[in-house]
Every structure is written in C-alpha cells, then in structure tokens.
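1. Sequence first, predicted model second:
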Amino acid sequence: MPELPEVETVIRELKPMIVGKEIDSVTPVWFKTLVNRSERLLRGQRIEAVERIGKYIILRLSRSFLIIHLRMTGRLHFDPGNGALQVKEQGLNHLRLIVNFTDGSKLLFNDTRKFGRFYHVDDPKRVLQNVGDDALDPRLTAERFYEMLKNRKIGVKAFLLSQRWIAGLGNIYADESLFRAGIHPERKCNTIDLVKAKELWDAVQFILKQAVENMGSTISDYRDAYGNPGKNQLYFKVYRRAGEPCFNCGTAIKKIRAAGRGTHFCPVCQT
DNA sequence: CCATGTACCTGAAGGC
DNA sequence: TGCCTTCAGGTACATG
C-alpha cells in the first residue's frame, strides 16, 4: 500500500491526535506485529513527536522509539474513546494492535496481510541503518542524486525502489516518475548523464509532492487516518494503464516485470 | 555488485 | 458455483 505520500498524509492527520498522549498499555492482537521483548516498558511513556523517514513512521517517546511500517495493507486510525470513532467502511476488519492511552483514547492498527510492524527500540538506527535520506528532504539535490546514480550498474527502477539511497518511493511513484522523466525502467543508472539525472530528480519531486497534495493514492486498501481514500489515483499516467494509450504519443502502455515488480511504461516516450 | 526467487499473509479477480 | 492461478502501494534474505 503506502508509499511516501500516503504515509505523510496519515502522519499529518495523526500528529495532533496523539502528540502528548501517555501510553497506558499496548494490546498486541497479532503476535508478530510488535517487534520487541518488553511491551511493559511502553507504559507511562508519552508521545513527544511524530516523524517520518521514507515510509517509516517514527513515534518519539519519552525514553524510546516506536517505529511503524505499514507495508502493504497497514492502516492507522484514532479512536477518541467517546464513541465517536470516525473510521468508515470496514476499516477495522483486521485489527492487529492497539495502543491504549491513559485518557481512554486509542491508536488502532488494522492490517489485512499482517506484514506491518511496530518496532520498539531505544535507538532508531536499529531499524533505519540501511535507509537513505527521505526523498523530500530539502538537503538532497539533483547533483547529489547524480552522484548516487553515476557508478551503479543497477536498473534505474530497482535503484528507485531500493530504500537504501533514497527513501520513500514505491512501485507506483517509481513508474510515474520514470514516465515523467522519459526514462526506461530497465536503463542502467550509469548511462544517465547529469542533465537526465536532473530531469529524473525533478520528476520524483513533482510526482511525490502532487501525490501529497492529493492525499495519496488509493488502489484498494489505503485509507488515511480518518478512513478516507486518496485522490491521486486519478492522476496516474502509466500505473495500471497497460494497453491504454500513452497521454503523450498514443502508443499502448506496456507492462513488464522489472526489479521483481509489475512495471508500466511507454515504449516510445521512455528510453 | 547485481538479478532473481522465496518468504511473509489475505483476498480479489480472471480463466476454465 | 467452484477450483486454481496470479496478482497486489513492501521488504528481508538466500542463491547464482
């Protein structure tokens, strides 16, 4: 499910709901969701801040960190505890973990496929050591992006999907960014010159920012903290458009497997 | 270093 | 209707 824009949407909404709350207890519903040894250590800790690097949500607590990854189908919802839970549809069919706050409100984690994780750690580096800078980090520049690309023989889609260099892109926004920049997903990184690298970097920035403005993309499972779907799926140019005409040239959009993922591109516009 | 396959899970969709 | 296969916003790990 969620890539950077979906995670950003969720935390923007969640932040005012949970910052300052004190954890009373955590109820693990599915035993693998909470990764740690001692959920008792969470009692009495306050949520000091809600941050994000790539697709990772970082809850800064009084004495430790709770790092959340939604993976494919994870959803976070807030239950104010007064009976006014706002979640729509069947948002809570697959409840996997509950954070109970001392004021009676709760943070609910729903996750159909059970891939999502809450990592309780003293040092965020334990989870984030192989995660690069956030794709929307203003300190990143096209020049630094080019430096990362220029000596790699890996296909450019695989590069964008790896969280190790730039964090936050997933399958949808990698395909959409490559289309916008006119680059074939299997092109080797080291064949991209500085000018083309800048075009790709600008495309990544545009695609991600547009998706944040549209509250993320909903294909099936993704919902924001209120249970609402995103609107950005209406702006897809290639993703899930196999066989349909390219908006630039009319050629049928192709679907192949690249970097192990279904990959959509225009065989004429993307070289 | 790089590509590919498998594992982790559930459910929707398509073919027969 | 039912059965079987494939696929899905992700990542970690094993194998050539």
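-> Nice, thanks for sending it over. Numbering: from 1, shown residues only, chains lettered A, B, ... in the order given.

2. Look through chain A and tell me its longest helix.
-> If you go by DSSP state H, chain A has its longest helix at helix A:194-213.

3. Could you check how many residues crowd around the residue nearest to residue A:61 when sequence neighbours are not counted?
-> Nearest residue to residue A:61 in three dimensions, chain neighbours excluded: residue A:45, at 4.2 Å (Cβ to Cβ, 6 or more residues apart in numbering). (C-beta placed from N, C-alpha, C; glycine too.) A count of nearby residues for residue A:45, using other Cβ atoms under 10 Å, gives 19.

4. Roughly how far does residue A:45 sit from DNA strand C?
-> To DNA strand C, residue A:45 is 24 Å away according to Cβ to the nearest atom of the strand, to the nearest Å.

5. can you give me the end-to-end distance of stretch A:75-95?
-> Terminal residues of stretch A:75-95 lie 9 Å apart, using Cα to Cα, to the nearest Å.

6. So which bits of that stretch are buried?
-> Neighbour counts over stretch A:75-95 (16 or more other Cβ atoms under 10 Å) mark A:75-79, A:85, A:87, A:91, A:94-95 as buried.

7. What lies in contact with that stretch?
-> Stretch A:75-95 is touched from outside by A:10, A:14, A:17-18, A:29, A:57, A:68, A:70, A:73, A:101, A:103-112, A:114, A:221-223, A:225-228, with contacts defined as Cβ atoms under 8 Å, 6 or more residues apart in numbering.

8. anything in that stretch near DNA strand C?
-> No: Stretch A:75-95 does not reach DNA strand C (Cβ under 7 Å from any atom of the strand); its nearest approach is 9.8 Å.

9. check contacts around the closest residue in space to residue A:234 that isn't next to it in sequence.
-> With sequence-adjacent residues excluded and distances taken as Cβ to Cβ, 6+ apart, residue A:234 is closest to residue A:214, at 7.7 Å. By Cβ under 8 Å, 6+ apart, the contact list for residue A:214 reads A:5, A:230-232, A:234-235.

10. got the domain boundaries for chain A?
-> Structural domains of chain A, as assigned by automatic domain parsing, span the residue ranges A:4-128, A:133-265.

11. Least reliable of the ones you listed by average pLDDT, please.
-> Note on the domains of chain A: lowest mean pLDDT is at domain A:4-128, with a mean of 94.

12. about what we covered before: out of the buried residues of stretch A:75-95, which is nearest to DNA strand B?
-> Checking the buried residues of stretch A:75-95 against DNA strand B by Cβ to the nearest atom of the strand gives residue A:94 as the nearest, at 6.6 Å.

13. distance of the closest one from residue A:64?
-> Distance from residue A:94 to residue A:64, counting by Cβ to Cβ, to the nearest Å: 27 Å.

14. for residue A:91, same thing?
-> Distance, residue A:91 to residue A:64, using Cβ to Cβ: 28 Å.

15. And for residue A:169?
-> According to Cβ to Cβ, residue A:169 and residue A:64 sit 29 Å apart.

16. For those two, work out which one has more neighbours and name it.
-> Under the neighbour definition other Cβ under 10 Å, residue A:169 and residue A:64 were set side by side, and residue A:169 has more, 25 against 17.

17. pretty sure the more buried one is touching residue A:204, no?
-> Yes: counting by Cβ atoms under 8 Å, residue A:204 is a contact partner of residue A:169 at 6.8 Å.
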